[in-house]
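>>> return atomic coordinates for the entry below.
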Amino acid sequence: MQENIILVQVTLQALSSVAIAGGLLYAAIQFRSTRKAQLVANFSKLVELQYHLRHLRVQDPSLAKVHPQDIKNLHSDREIQEYFLNMMQLSLFEIAWYAHDQKQLSDEYYDSWVQRMRQVAREESFQKMISNPSVKIMHDDFEAYVKGLAASARAGKD
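Take a look at the predicted model:
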């Protein structure tokens, strides 16, 4: 009888230890997911702010002349507007790219972005924008990805 009580006590202690360990593991996984979501939100906000600066330059191309290094090889208001409009499109894609990279965006939705960006990358104004040596602020890995996408579109390999 005494042995049965000890066996029950040890079993209950083991079960409660496993439950506590499981709870801690679940909390750690939730914390990691929350942290990734916060990273994506912070990244998105920074890119959104860039988007707004680019939008101002599309609306009023004279504002782009504040930073001459941003408009190398752009000679008209129309060229400035096209350049920054393409950069705005890239900003949105960069958010999708980063969210997908952080496993916060489904493959299906991201793939639809990639298909659309392949179409955009074929356009002459996009090709001019991506090959222009002017300053572009993007995540380094994203910039390499987009340049590869543009080169592929330029070569007609889509």
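>>> switch to C-alpha atoms for all contacts and neighbour counts from now on
Fine.
>>> how about low-confidence regions in this structure?
For the chain, residues meeting the criterion pLDDT under 70 lie at 157-158.
>>> does anything pack onto the helix or strand that contains Arg116? Which helices or strands?
Per DSSP states H and E: Arg116 is located in helix 107-122. Using 3 or more CA pairs under 8 Å, 6 or more residues apart in numbering; DSSP states H and E as the contact definition, the elements that helix 107-122 packs against are helix 77-101, helix 140-154.
>>> among those, which is the most enclosed?
A comparison of these by mean neighbour count, using mean count of other CA atoms under 10 Å, puts helix 77-101 on top with a mean of 20.
>>> who does it touch, helix- and strand-wise?
Contacts of helix 77-101 with other secondary structure elements, assessed using 3+ CA pairs under 8 Å, 6+ apart, are made with helix 2-59, helix 107-122, helix 124-131.
>>> let me have those helices in CSV, adding distance to Tyr83 and mean neighbour count as columns.
Output for those, formatted as CSV (distance: least, CA to CA, whole Å; neighbours: other CA atoms under 10 Å):
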stretch, distance to Tyr83, mean neighbour count
helix 2-59, 8, 14
helix 107-122, 13, 15
helix 124-131, 5, 17
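>>> quick check: which of those helices is nearest to Met138?
With respect to Met138, and counting by CA to CA, the nearest of the helices and strands packed on helix 77-101 is helix 2-59 at 8.5 Å.
>>> is it possible to get CSV of the helices and strands packed on helix 107-122 that adds distance to Phe126?
As requested, those are arranged in CSV below (distance: least, CA to CA, whole Å):
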stretch, distance to Phe126
helix 77-101, 6
helix 140-154, 8
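>>> how about the ones you listed, which one is nearest Arg122?
Ranking the helices and strands packed on helix 107-122 by proximity to Arg122 (CA to CA) places helix 140-154 first, at 5.2 Å.
>>> quick one: list the elements packing against that closest one.
In this structure, helix 140-154 makes packing contacts with helix 107-122, helix 124-131, judged by 3+ CA pairs under 8 Å, 6+ apart.
>>> which residues does the spatially most central residue of the chain contact?
Residue closest to the average C-alpha location in the chain (CA atoms, centre = their mean): Tyr98, at 2.2 Å. Contact partners of Tyr98, counting by CA atoms under 8 Å, 6 or more residues apart in numbering, are 40, 43.
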